[in-house]
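Chemist: One predicted model, sequence on top.
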Amino acid sequence: MTEGNIRDGVVDRRPVDLHVHSNKSDGTYTPAELVQYAVKKDLRVMALTDHDTVDGLPEIKEAASKLENAPEIVDGVELSTDLEGRDVHIVGLFINTEDPGLSRYLQKFKDSRDTRNEKMCDALAKGLNMDISYEKLKNAFPGAVITRAHYARYMLEHNYISSMNEAFERWIGDDKPYYIPREKVRPEDAVELIKKASGIPILAHPVLYKFSLTRLEKLISDLKEAGLLGMETRYSTYTAGDTRQMMMLAEKYGLLESGGSDFHGSNKKDIDLGTGKGSLFVPYEVFERLKELRNSL
């Protein structure tokens, strides 16, 4: 794959970033601020893939329409699923945000998350004598889909912990005293949901799940059967070896490549938009092939 797009005889090396978060989920940039930063970073394409919400898409597209040299914006989402007690995320690209099935799912997920958050806030208030409630948490992060990152930020800003990592390591991480699981769907269900919403389902950052190669291939095979069309072969925390291995798996299972930074602003300070930890580069051809597939469906 050529690491860039040929334009007027010159290789266009402007990157694309197909995995980005705003403050509508657990990022710290507003959708409009993301567009402004993307222009500074000289991104050619950017997908907003907030966790379990599409609320930021109208704002980011409006902002892009008003800025010269703004990147092309892709309608996206990142759905949270559960597999054997582990979070597995499925990114949807080019989704129809008006799809009734997707809209119903996202509303149901929000309702389930609200119930979980009320229980977690109550447990933290009683167990740690913490001045926290779901209302206070929502007021601290208006318009956001509250995730555990918001709990950690709230606890840090109110001096209950010395770092955001401490919140997860001591109190709200998986299997920690104040973690309350929420209702999730299977990865296969998320793949099917995205396809019904006319989107391209992508297995997000498969290396992060820390499955054995055998178990990871089983997951990919099962999801391929359910309709998976791509996987993230390029990602901020991948080593060169990880990238090569993910590219080989994508080829083996007939999946298109995707990739992105998983940018969260100051919630992941070492991850930058477009470049990740500094060496990430997702070429335009990755996006182009995904878009061609979307247009052919």
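Modeler: Noted; the coordinates are in hand.
Chemist: just the strands in the stretch 51-200 of the chain please.
Modeler: 72-83, 86-93, 200-203 (DSSP state E, counting those that start in this stretch).
Chemist: give me the low-pLDDT residue ranges for this protein?
Modeler: Within the chain, the segments meeting pLDDT under 70 span 1-11.
Chemist: how about stretch 284-291 as CSV, C-alpha atoms only?
Modeler: The C-alpha coordinates for stretch 284-291 follow below in CSV (Å, rounded to 0.1, in the frame of the first residue of the first chain):
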residue,chain,number,x,y,z
TYR,A,284,-5.8,7.9,2.8
GLU,A,285,-6.0,4.6,0.9
VAL,A,286,-7.3,2.9,4.0
PHE,A,287,-10.3,5.3,4.1
GLU,A,288,-10.7,5.1,0.3
ARG,A,289,-11.1,1.3,0.3
LEU,A,290,-13.6,1.5,3.2
LYS,A,291,-15.6,4.2,1.4
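Chemist: and V88, how far is that from D189?
Modeler: 11 Å (CB to CB, to the nearest Å). Where you see a C-beta, it was placed from the backbone N, CA and C, and this is true even at glycine.
Chemist: anything in contact with each of those two?
Modeler: The overlap between the contact sets of V88 and D189 (CB atoms under 8 Å, 6 or more residues apart in numbering) consists of T81.
Chemist: among the strands of the stretch 51-200 of the chain, which is nearest A64?
Modeler: strand 72-83 (5.0 Å; CB to CB).
Chemist: what's the angle between that closest one and strand 86-93?
Modeler: Angle, strand 72-83 to strand 86-93, by axes from the mean of the first three to the mean of the last three CA atoms, to 10 degrees: 150 degrees.
Chemist: Who are the packing partners of strand 72-83?
Modeler: Where contact means 3 or more CB pairs under 8 Å, 6 or more residues apart in numbering; DSSP states H and E, strand 72-83 is packed against strand 16-20, strand 45-48, helix 57-65, strand 86-93, helix 100-127, helix 187-196.
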